[in-house]
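# Next come a sequence and a model predicted from it.
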Amino acid sequence: AQDRLILATTTSTENSGLLDEILPTFEEKFDVRVDVIAVGTGRAISLAENGDADIILVHARAAEDAFVEAGYGVNRRDVMYNDFVILGPADDPAGVKGMESAVAALEKIANSESNFISRGDDSGTHKKELSLWEKASVKPSGSWYMETGQGMGASINVANEKEGYILADRGTFLAYSGDIDLELLVSGDPLLFNPYGIIPVNPAYHTHVNYQKAMALVGYITSQEGQQMIYNYTKYGERLFNPSAITPENFN
Amino acid sequence: MNYIIEAFQEAWYLIIGFDRELFNVVSTSLRLSITSTFFASIIGIPAGIFIGRTNFGRKKIVNIILNTLLGLPTVVVGIFVYSLISRRGILGEYEMLFSFRGIIIGQIILIVPLITALIRNAIYSLDEKLYKTALSLGATKIQQFKLLLLEARYGIMGAVITGFGRVLGEVGISMMLGGNIKGVTRTITTAMALETNKGRFGFGLALGLILLLLAFIINIGVYSLQEGKEYEQR
Amino acid sequence: MNYIIEAFQEAWYLIIGFDRELFNVVSTSLRLSITSTFFASIIGIPAGIFIGRTNFGRKKIVNIILNTLLGLPTVVVGIFVYSLISRRGILGEYEMLFSFRGIIIGQIILIVPLITALIRNAIYSLDEKLYKTALSLGATKIQQFKLLLLEARYGIMGAVITGFGRVLGEVGISMMLGGNIKGVTRTITTAMALETNKGRFGFGLALGLILLLLAFIINIGVYSLQEGKEYEQR
Amino acid sequence: MSSDKIILKALNIKKNIKGKNILNLREFNVYEGQFNFIIGHNGSGKTTLLNILSLVDDDFSGDLIYKNQTIGPKTDKVKLRRRFSVIWQNPYFYRGSVIYNISLPLRLRGLNKNQYLKKTEEIAKRLEIENLLEQSAATLSGGEKQKVSIARALITEPEIVFVDEPTTNLDEESIEFFNSHFAELVTEEMTVVMVTHDKNQIRSLAEKITVLKKGSVQYSGPIKGLHYQNDNNYYSSKQDYRLLMKN
Amino acid sequence: MSSDKIILKALNIKKNIKGKNILNLREFNVYEGQFNFIIGHNGSGKTTLLNILSLVDDDFSGDLIYKNQTIGPKTDKVKLRRRFSVIWQNPYFYRGSVIYNISLPLRLRGLNKNQYLKKTEEIAKRLEIENLLEQSAATLSGGEKQKVSIARALITEPEIVFVDEPTTNLDEESIEFFNSHFAELVTEEMTVVMVTHDKNQIRSLAEKITVLKKGSVQYSGPIKGLHYQNDNNYYSSKQDYRLLMKN
Ligand SMILES: Nc1ncnc2c1ncn2[C@@H]1O[C@H](COP(=O)(O)OP(=O)(O)OP(=O)(O)O)[C@@H](O)[C@H]1O
Ligand SMILES: Nc1ncnc2c1ncn2[C@@H]1O[C@H](COP(=O)(O)OP(=O)(O)OP(=O)(O)O)[C@@H](O)[C@H]1O
Ligand SMILES: [Mg+2]
Ligand SMILES: [Mg+2]
């Protein structure tokens, strides 16, 4: 029978469509079927801890390091990054449009007590948002600060409905931009950098995992070919991810 | 990683700790389910009785549609109601999205077919002589209806309880139309989905146990209040 | 952004286009629901009849538990079964996670209480004289059971259809235990959830319409095959 | 007895079920204050006619005229039905005790608890079923059911009481009791429409008699007008007829 | 008639429901090939006893002895029940046509379609209910139900037939028909246990008679042994008793 590789990843990665671009060639080359389980970052990591996935592709650096530290994963590699953006209503009641600093923008939003929608789900995006609040020395609370506990897309919808601000990843924002009134107000701050890593599950810990094909996927996705595919992948007329294993200058 | 044992411990700590957040989601869930079941019963009981009793031309097709709607997925109801009550929808001005009212509308749509179909079945199984007897005893239209309700009470209670269970345990509609907003529209099930997404399976299961405990207590109440001895006798 | 109109168009194009991916999820959904309903009926029909017929000591508590389990949320079943069939669970070695078997186990657990409770209700409403008559006509145990099934056929059909609708439309278990793997365990409902997640509400709703259409066709089949004229007469 | 005043008149009553003609009467009269008997073979349409006359079956064609008023769509049928009572061939009881079932028609008429309990005990005493009052109606024996159903019908002191084989299932003593007490329970003003197969009852009670055959009236009029005819009649033998006419 | 051979014997039968004593018999015998009658007031326990004897109610204490074999937990009761038939006081019919209901016991015994249809038509003809065969059993008139239930019980040619008020709901003609044909349908070897309130039936058919009162046997034995006693007897008046003994 054909080899099966279970890849647990985040919904935003799956929703971007990037994997549909990369995986078919990989599957053909290595004669393996990749089963993609798209869940929250936390859940993806817990599936891997339980040995229910062979490899994970996630974006939550601290949690990834803890995962490797605990011995569940080995050979983590950077794959790519995209960036977060701050969205808000067109009339911009907090007046953050065009600001360079995400931290300063959040401060203004907090001070004006404008609606802010947080994912509140321990996802990579949520963790990033919390670290920004911390840098701004604001403990967000009050009725203006709403936690949805839902995925990115659903949270953007809530923000749109409640005419509030939200921290979102660029890919999901682009996917939703046709259906919402929210506008991109702040972007480009280096703090909004969003790196993705790939980690095979440690075959010493879970002896049954398909470590060979997992490493093959790591190798493939960080190869010249894989990285170029990421670089070339566009949707809504924009590049969604920037390769980070090999920088574009080094493509042959 | 024995989530089941972990879940029982977590549930226990949550309950004895009088966790405020827990209290919130439990009360939200209860208020929503009871309200939705109440309104769905008001629609479904007469509808079920009507379909069960009356011989109208398109009855067969109505029955098939009713059976079809038993499989109504929460996501379908969610999207459908969403497109009506979102700000761009025709009911947008009432601002029902991400509020109680939004969830309740969705849940009513979800269980009206269920309650109606189950009550129709209960009515079918009654003895025909019941109706003639009610007439001959001099019952008015309303009294006929009351007597019918009384005779079919086990079936009706069963239908309402099934509907209640369905909304108490559903997550799709609460999530889509309520938005799972902490402290506002977060219910036991949406909180559970959230915890599960975070990978905190034990905690999620603990919430599930609390939900079942709740349903259990409510069912004991229903039993002892309404049926009590009679049920036992059967 | 009128999703409803959009959905009808999308559904229409999907159907006339014989979309391969669509065909896949529809067949997956059907195979899963039919299998789960079949096994759940095998358990639930005798269980419901037993509870409805027999007077045993703990009957009251069994009834209350049964009513409680009507509200079993899919997430609870999902986590529970997950913790059993996950690699670290006691059934881990059978590799049932993210496969059909995993989903089926979960769905069976979901609807066994539903089918059992509805059948119990149907049995309660039968005339007691039925049992004595069966005995006096010389029926064996199995024949008594068959006659009971025949007399309760509307109620039993109703219970099975309700159970089928429930699994066809559920998403939590299929998602958690199946993993929504494209081409493998993706069902109509998990595909719908995915599309909704992507913000493609129209497409999601289109899938929902197709699901309902499917349930509709199946119900027509059930009607004309099994009940046909009799049902019409009522 | 009383003058022959018609309280309820049925004209051109036709009822078909699935193309089968169940009932086809040109005229049928119920005389006020009298015992109006309906007899006929099994399946001749007696129960069907009783259902129509007592206003519980309205799926027929033809006219009913109550005290010279045609009963139409605007008639308050509930009001009329409250002046009627029916004792069914196979009585139906609601889930609950005998007391609940007997008192039900009074409750539907809005009597308070004191009133209906008093009346229920009264009628139960007269029918000698006091000891059954607390029992669940579903567990009664065949004859007990019949007695309870008689109590339920008479408790409202109806103007017309329709009775379908009231002594079915009753033991000899109860039949006698019924025959002697029924006329007593049924006051002077009460009108009775009774279906029976019991010759003794006809002999001792009947004032007017109607013979049904295959849904049509065979004979209708005073009991003494019923003559033996060679053909088409209810009594199948001369002996039978003589037995009936003996008194 | 035949020699007094006991086919079914009941010893020390007791049945209580909710503390109420429904039945309490020291001994009850069913004589082979004879008409064994059970009479008694409404509620005296006749139907209850019939349920126990016909093996459809096993919630009692005491012993049943069939042909000198005590019926115990190991007895094949289905086999015995297939030698018995019951005509119920209030018959229950399964959803379906009359033909389905009459032929059901034969189907349960595994007869093929040809066989059971032939027998069904045969018995329907003898009971003059051929025209009802296709009708839904639920829509029959009271008397028609009774006839169908008689057909259903006799189609299996049972060894013992238990009959609870068979002429209830029947018209005069049908009663006569029943009384004259029943003895005919019931072959020489058949044993009958019959509950009735009909004196004519007792007079013309009874060989052994048992009088029940409040769950206990008042008299049991040949019909001519039944004497009028001032107290505790079934017939409430001397006249009644004389009427019964007249023939
Ligand atoms: N739904 C039906 N389909 C066919 N025939 C029917 C239906 N309902 C009633 N009938 C027939 O109508 C006839 C009249 O029935 P009804 O109950 O009025 O008779 P009845 O005179 O009361 O007889 P009995 O003395 O046996 O009670 C019967 O032959 C019965 O079989
Ligand atoms: N569940 C019960 N609870 C209380 N009493 C009961 C119950 N079941 C039966 N009985 C009583 O048992 C007595 C015997 O009933 P049974 O049906 O055997 O009488 P029967 O002799 O057949 O009377 P009938 O001539 O009226 O048919 C009746 O008084 C009845 O009310
Ligand atoms: Mg009749
Ligand atoms: Mg009886």
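Cool, got the structure. Ligands and ions are numbered 1, 2, ... in the order given.

# okay, which residue is most central for chain B?
The residue lying closest to the centre of chain B (CA atoms, centre = their mean) is B:Phe164, at 2.8 Å.

# actually chain D, not the one I wrote
D:Val163 (1.8 Å).

# On the three-state scheme, that one is what?
Assigned with DSSP: H, G, I helix; E, B strand; the rest coil, D:Val163 falls in the strand class.

# In this structure it contacts D:Thr191, no?
No. Under the criterion of CB atoms under 8 Å, D:Val163 makes no contact with D:Thr191, lying 11.1 Å away. Glycine gets a C-beta too; all of them are placed from N, C-alpha and C.

# In terms of pLDDT, where does B:Gly221 sit?
Looking at B:Gly221, its pLDDT is 87.

# Across the sheet, point out what pairs with the residue nearest to the centre of chain D.
Beta-bridge pairing for D:Val163 (DSSP bridges): D:Ile87, D:Met194.

# same thing with D:Gln69?
In beta-bridge terms (that is, DSSP bridges), D:Gln69 pairs with D:Tyr66.

# how much space between it and chain A?
The spacing between D:Gln69 and chain A, counted by CB to the nearest CB, to the nearest Å, is 65 Å.

# And B:Gly169, by the same measure?
18 Å.

# hang on, the earlier thing: and the residue nearest to the centre of chain B, what does it touch?
For B:Phe164, the contact set (CB atoms under 8 Å, 6 or more residues apart in numbering or on different chains) comprises B:Ser33, B:Ile34, B:Thr37, B:Ile218, C:Leu70, C:Gly71.

# low-scoring stretches of chain D, by residue?
Within chain D, the segments meeting pLDDT under 70 span D:1-2, D:227-247.

# And the strands in it?
Using DSSP state E, the strands of chain D run over D:6-17, D:20-31, D:35-40, D:61-66, D:69-70, D:84-87, D:160-164, D:191-195, D:208-213, D:216-222.

# Tell me the pLDDT of B:Asn197.
86.

# looking at it, it is touching A:Ala44, isn't it?
No. Counting by CB under 8 Å, B:Asn197 sits too far from A:Ala44 to count as a contact (9.8 Å).

# Between those two, tell me which one has more neighbours.
Neighbour totals were compared for B:Asn197 and A:Ala44, and A:Ala44 leads with 27 against 23 (other CB atoms under 10 Å in any protein chain shown).

# Where do the helices of the chain begin and end?
Just going to use chain A. Along chain A, counting by DSSP state H, helices occupy A:11-16, A:18-30, A:41-49, A:61-69, A:102-111, A:124-135, A:152-162, A:170-176, A:211-221, A:224-232.

# other chain: chain D
Applying DSSP H to chain D gives helices spanning D:46-53, D:77-81, D:98-108, D:113-126, D:142-154, D:172-185, D:199-205, D:238-245.

# Ok, which of those helices comes nearest ligand 1?
When the helices of chain D are compared by CB to the nearest ligand atom, helix D:46-53 sits nearest ligand 1, at 3.1 Å.

# what inclination does that closest one have with respect to strand D:191-195?
Relative orientation of helix D:46-53 and strand D:191-195, computed by axes from the mean of the first three to the mean of the last three CA atoms, to 10 degrees: 150 degrees.

# on contacts alone, who are the packing partners of helix D:46-53?
Applying 3 or more CB pairs under 8 Å, 6 or more residues apart in numbering or on different chains; DSSP states H and E, one finds that helix D:46-53 contacts strand D:6-17, strand D:20-31, strand D:35-40, strand D:160-164, strand D:191-195.
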